[in-house]
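Chemist: just need the structure, nothing else, for what follows:
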Amino acid sequence: MERTNNLRHVREIKMLSKSELARRAGISPLTIDRIEKGMPSRISTRRKILLGLGLKLSERRRVFREN
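Modeler: Numbering: from 1, shown residues only. Next up, the predicted model:
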């Protein structure tokens with residue numbers, strides 16, 4: 001399976017659980033799980049995740065692959 005993002009890797013480096021990242025981002029842990037498995041996500045959701053990770057929006061390529 002092709003990896004479509006680095007969310008799990010970045011989350012683990014920052015020592016965050018799915019639940020903690022979800023709380024910080026204001027989304028559900030299930031959404032985090034789905035995105036880590038390669039499911040598509042909205043731009044607004046990606047923005048929330050980046051901010052929840054403590055990243056700048058300009059750092060989005062560290063987490064999400066550009067289409």
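
Chemist: run through the helices of this structure in chain order.
Modeler: Using DSSP state H, the helices of the chain run over residues 7-13, 18-25, 29-36, 43-52.

Chemist: can I get those helices in TSV including mean neighbour count, mean pLDDT and distance to residue 61?
Modeler: Every residue, glycine included, has its C-beta placed from N, CA and C. Formatted as TSV, these follow (neighbours: other CB atoms under 10 Å; pLDDT from 0 to 100; distance: least, CB to CB, whole Å):
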stretch	mean neighbour count	mean pLDDT	distance to residue 61
helix 7-13	16	96	11
helix 18-25	17	98	18
helix 29-36	17	97	15
helix 43-52	17	97	10
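
Chemist: out of those helices, nearest to residue 64?
Modeler: Across those, residue 64 has its closest neighbour in helix 43-52 (5.7 Å, CB to CB).

Chemist: so which residues make contact with that closest one?
Modeler: 7, 21-22, 24-27, 31-32, 35, 56-57, 59-60, 63-64 (CB atoms under 8 Å, 6 or more residues apart in numbering).

Chemist: good, we can wrap up now.
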